[in-house]
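1. Prediction below, plus the sequence it came from.
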Amino acid sequence: MNHDIVIWVLKDYVVRVLQDYEALRRPDTDPELEAVRVAILLEDIFGITLSDAEIDPAVLADSSAVTALVTRLAGGL
Amino acid sequence: MCGVCGIVSYDGLPDLALLRRMMGRLGHRGPDGNGYFRDRRVALGHTRLAIIDTSGGAQPLCNEDGTMWVTFNGEIFNYVELREELRDRGHTFRTASDTEVIVHGWEEWGEECFARFNGQWAVALWDRRAERLVLSRDRLGVRPLFFTRRPTGLLFASEVKSIFADPSVERAFDPVGLEQTFTYWSPVAPLTVFRGIEQLEPGYYAILDRDGFKKAPYWHIMFPERGREPVQDARESADDLRERIVEATRLRFMRSDVPVGAYLSGGLDSSVMAAVIARHTSAPLHTFSLRFSDSEFDEGHYQKKMSAVLGTQHQDIIVSSSDIADVFPEVIWHAEIPILRAAPAPLFLLSKLVRDNGYKVVVTGEGADEVLAGYDLFREARVRLFWSRDPGSAKRTRAAELLYPWMVRSPGRMPAFARSFFGRHLDPDDPALSHRPRWDSTSVIKSMLSHELQDGMGRAAAEDVVAAMPPDGKGWDPLSRAQWLEMTTLLAGYILASQGDRMLMGNSVEGRFPFLDRDVVDFANALPARHKLFGLEEKYLLKRAFADLLPDDILHRPKQPYRAPDAASFFTPDRPAWFEAVMAERAVAEAGVFEPSLVAELLAKCERTSGENMSNTDNMRVLAVVSTQLTHECFIANDGRKAPERSLPDPSVAVDLITEDRSVP
C-alpha cells in the first residue's frame, strides 16, 4: 500500500480512538496522571512505546500532538 | 431449575432405592415435584423447580415412542424458536416445555443440537435402543454436572452429595483437585476436590455406551487474532452489543411461567439488567439487594438510588459478621468445596430473601466482568505490560495510582508497594501474565498443607490450565488470553458455582444470566480488546451502550468488587460452637489436609487481635482451613449424615419398566 495512504489511514484511526476516548472521558485532576492514562491507551492500541519525555501532559493533552506522535512512532515518519 | 441424577449399569439392574436416595439429596433443587424412569440399564431421577409449563413439564420426559428419555436441569431460552423448527421437520410435541425440545433436538441433529441451544443446562439423555447415555453441560458451566465412572456403568448428579448417597462410592479428597483450589480458587473441570468424582467440562457432551465413555466439546472459548476482529468501530459495536443484551435480558425475563425478579447490587452490571427490564418489558419489577451492617462493604446508597430511578419494588437484607459465621456450615454443605472467601454466605442469605418473598427466578448481572472485561485483574495486567516496556521509567510507576484510586491518598508509598507486588512475572510472552500475581498470592495457602497431601500432588496444577489454552492464543490480544483464563478457571469453578448455582439452589431459586447468553458471549469474544478494556476503562462498550439508561454516578462509579466481611466473622465473642469442633487439632489431623501445628499458630495469631486487621493472606488461610474442615466433616467424615434430609413427595412421573409400573401425567 502507498505510504501516504498508510499514514492517512493511521491518522484517521488516531482521530477515531481519541473520539472514543472523549465519549466516556472523566479526566484525572492530576494532569501527569492523565498523561499516564493516555499513554497506556496509545501503547496498547497502536503497539508503540513512549519515552518518559513523551508521557507528558504537554504532548498527550493535545490531539494534534498525539496524532503527530502516534504517526511518527507507528507509521515510521 | 432442577436437580438431576441417574445410574447406568450394564451388568445388572440399576437400584431404584438408591436412585430415590440420590433424588432425596437434591430436594432443595426441586421442591415442586419429582419423578423417575427405570429400564434394564438406566435409572433417571429428577427433582423439579417448576418454571416453564408448570402443569405439563414433569420429568423424566420421553419422545413420541418412549425410546428416548431425558432428565434436565436448566433452561433452553430459545426453545420456542427451536420447537417451531422441529415441528416443521415433523416432530410432535406433547408439552409446552423446553425439556421436550432437547429430546427432539437430539433425535433431529444428534450432538449438533447442543450448539443450537441458547441456555444454561445440565442434561442426561437415555437412548433405549442404543443403550446409550448422553450427558451435556452448557457453554460456560452455569449448571453443574458431576459423575463417577465404574467398570460397567456410571452415576451422575447435579451435586456430589447425591452421588455420595451410594455408600460404595469412595469418599476422599483429591490432592490435585485441592491444589487447584488453592491456586485458582476452584478445581478446573474435569477435576473436583473429591477423588474419583469428575465434573463434565463446560461446553462438552459425553457419551457412555457399551463401547465405553468418550467426551468432546461442542463449543470453545475463542477469540480472534489481534487486529483481525470483524468490527472495528466502537459506536457500531456499542449499538450491536445493546441489541444483543436487550434480547438476552428479555428472553430471560419473559420466558417464564412464574414471576422473575432481579438482583440489584448497586454496580453497573445489575443496574443495566434492571434498567433494560424496566425499559423493555411492561411487567412490574421486584429487585433484591444485599447490604452489610459493616459500612465498609455496604452499597445501600447506590441500590436505593437505582431502585428509585427505575421505580422497582425493592427489598434488601442486611448481613452481619455473625450471620456469616452462623450460616457458614450450611453454605459449605451446598458449595461442596473449600472456599477462600466468605462471599458465598451473604449470597445464600440473599437467595433466601428472594424465596421468602415468593420468587423462584432472578436475573443477575453475573458474567459481565468476564465477558466484557470488568475485573481489576485485567487492568492490572495492562499496567504490568505498560511497566514491562520500560522497567526503569519513573513516570510509568505512577500507573499504579490509576488502578486503585485510594492509592492517591498516600501516593508516596502505595505505588511502590503495588509495583513490587504486581511487578513480578513481567514476561510479556507469558500467556498467564495476567493471572500470576493472583495464583502466587493464593498459593501461600499451600505452605500450610500436610506433608502427606503435598506428597500426593504429583503434577503442577497451574501449568495444566495454561497448557490447555488453544495454540491460536499466541495471536490473541493479551486481554483475550486473560479472559480465556478467567472463564476457564474462576467463572465456572467459583463464580457460577460457589457464588452462583449452589447459593441460589440452596434456597430453590434459579439464577438467569443475560451476560452469559450465547449470542452476547460470541459477539463480545469477537470484539477488539480495546472495545472492552479501553486503556484502563473497564467494560467500556457496556458503559457506552447503556449510558442513556443509567445515572451518571453509577455509570462512572469505579468498579467495586463484591466483598463481604471475611474471616473476622470467626473471631467475634459470639462465634458459633461448630467452629471449635471442626478447627480442633484432632479434627484437623483427621482431615489430613493441613498441618495441625500451623493451623494452631494461625488461629492463635488471629485470636490475639479478635480478627481485627487481619492480612489478606491470613484471611484467606483461615477461610481455606475452615471451609476445608467443613467439607471434610460434611462429605468425608460423616457423608452428610448430619445434614437435613428432605423427604420427597409422591412422584409425578414414576415409570419402572422392570416392574411395568407406570405413572405419567
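-> Yep, it's here.

2. which one's the longest helix in chain A?
-> The longest helix of chain A (DSSP state H) is helix A:3-23.

3. In that one, which residues are buried?
-> By 16 or more other Cβ atoms under 10 Å in any protein chain shown, the buried positions in helix A:3-23 come out as A:10, A:13-14, A:17-18, A:20-21, A:23. All C-beta atoms are positioned from the backbone trio N, CA, C, and that covers glycine.

4. Now the closest residue to chain A within the stretch 501-650 of chain B: closest residue in space, sequence neighbours ignored.
-> Distances between the stretch 501-650 of chain B and chain A by Cβ to the nearest Cβ are smallest at B:G535, namely 3.2 Å. Distance criterion Cβ to Cβ, 6 or more residues apart in numbering or on different chains; nearest residue to B:G535, sequence neighbours excluded, is A:L41 at 3.2 Å.

5. Then A:G47?
-> When the adjacent residues along the chain are set aside, A:G47 lies closest to A:A74, with 6.9 Å between them (Cβ to Cβ, 6+ apart).

6. Next, give phi and psi for the one you found.
-> Listed backbone geometry of A:A74 is phi -90, psi -30, with angles given as degrees, to the nearest 10.

7. and it, how many neighbours does it have?
-> Residues lying near A:A74 (other Cβ atoms under 10 Å in any protein chain shown) number 18.

8. And chain A, is the host helix or strand of B:K543 touching that?
-> Here B:K543 sits within helix B:540-545, counting by DSSP states H and E. Yes - under the criterion of Cβ under 8 Å from any Cβ of the partner chain, chain A is reached by helix B:540-545 at B:540, B:543-544.

9. Can you tell me which of those residues is nearest B:R25?
-> Sorting the residues of helix B:540-545 next to chain A by how near they are to B:R25, with Cβ to Cβ, puts B:K543 at the top with 43.4 Å.

10. surely that closest one meets B:L268?
-> Yes - when contacts are counted by Cβ atoms under 8 Å, B:K543 is listed as touching B:L268 (6.9 Å).

11. Which of the two has more residues huddled nearby?
-> Comparing B:K543 with B:L268 by other Cβ under 10 Å, the one with more neighbours is B:L268, at 26 against 21.

12. my guess is B:E159 contacts B:R25, does it?
-> Yes - with contact defined as Cβ under 8 Å, B:E159 reaches B:R25; the gap is 7.0 Å.

13. name the element the residue in chain A that chain B sits nearest to belongs to?
-> Minimum separation of chain A from chain B (Cβ to the nearest Cβ) falls at A:L41, amounting to 3.2 Å. With elements taken from DSSP H and E, the one containing A:L41 is helix A:31-46.

14. following that helix, which helix or strand shows up next?
-> Trace forward from helix A:31-46 with DSSP H and E and the next one is helix A:57-60.

15. helices and strands around that following helix, which ones?
-> Counting contacts by 3 or more Cβ pairs under 8 Å, 6 or more residues apart in numbering or on different chains; DSSP states H and E, helix A:57-60 packs against helix A:31-46, helix A:63-75.

16. Check the offset of that helix from the chain's centre.
-> 10 Å (Cα atoms, centre = their mean, to the nearest Å).

17. What of stretch B:19-35?
-> 21 Å.

18. And for stretch B:35-52?
-> Relative to the centre of its chain, stretch B:35-52 is centred 24 Å away, using Cα atoms, centre = their mean.

19. Compute the first-to-last residue distance for that stretch.
-> From the first residue to the last, stretch B:35-52 extends over 16 Å; the measure is Cα to Cα, to the nearest Å.

20. Same check on stretch B:198-206?
-> According to Cα to Cα, stretch B:198-206 extends 12 Å from its N-terminal end residue to its C-terminal end residue.

21. tell me the average confidence for that stretch?
-> Stretch B:198-206 shows an average pLDDT of 98 in the prediction.

22. Okay, now the unreliable bits of chain A?
-> A:1, A:76-77 (pLDDT under 70).

23. Residue numbers of it in contact with chain B?
-> Applying the criterion Cβ under 8 Å from any Cβ, the portion of chain A that neighbours chain B consists of A:16-17, A:20-21, A:23-24, A:26, A:28, A:30, A:32-33, A:35-41, A:43-45, A:49, A:51-52, A:55.

24. Selection in ChimeraX covering whichever of these are buried, please.
-> Filtering the residues of chain A next to chain B down to the buried ones (16+ other Cβ under 10 Å) takes a single ChimeraX command:
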select /A:17,20,21,23,28,33,35,36,37,38,39,40,41,43,44,45,55
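
25. Tell me the backbone dihedrals of B:F37, please.
-> Here the main-chain torsion angles of B:F37 (degrees, to the nearest 10) amount to phi -140, psi 140.

26. Would you mind measuring from the most centrally placed residue in chain A to B:L536?
-> In chain A, the centroid-proximal residue (Cα atoms, centre = their mean) is A:V66; its distance is 4.2 Å. Look at A:V66 and B:L536: by Cβ to Cβ, to the nearest Å, they are 17 Å apart.

27. Start and end of stretch B:544-563, how far apart?
-> Stretch B:544-563 has an end-to-end distance of 26 Å (Cα to Cα).

28. and if you look at stretch A:43-52?
-> End-to-end for stretch A:43-52, by Cα to Cα: 13 Å.

29. repeat for stretch B:309-327
-> End-to-end distance of stretch B:309-327: 33 Å, with Cα to Cα as the criterion.

30. For it, could you pull out the residues that count as buried?
-> Across stretch B:309-327, burial judged by 16+ other Cβ under 10 Å covers B:309-310, B:312, B:314-317, B:319, B:321-327.

31. again, but for stretch B:473-489
-> Along stretch B:473-489, the positions that meet the burial threshold by neighbour count (16+ other Cβ under 10 Å) are B:473, B:476-489.

32. what mean pLDDT does it have?
-> pLDDT averaged over stretch B:473-489 equals 97, rounded to a whole number.

33. All the helices of the stretch 551-665 of chain B, residue numbers only.
-> For the stretch 551-665 of chain B, the helices identified by DSSP state H, counting those that start in this stretch occupy B:552-555, B:578-583, B:585-591, B:596-608, B:616-631, in order along the chain.

34. burial measure for the closest residue to B:L648 other than its chain neighbours, as a count.
-> Distance criterion Cβ to Cβ, 6+ apart; nearest residue to B:L648, sequence neighbours excluded, is B:N34 at 5.0 Å. Other residues within reach of B:N34, judged by other Cβ under 10 Å, total 26.

35. What are the neighbouring residues in contact with B:N34?
-> By Cβ atoms under 8 Å, 6 or more residues apart in numbering or on different chains, the residues touching B:N34 are B:23, B:27, B:45-48, B:648-649, B:651-653.

36. out of the residues you listed, which are inside strands?
-> The strands in this structure, assigned by DSSP state E, contain B:45-48, B:653 from these.
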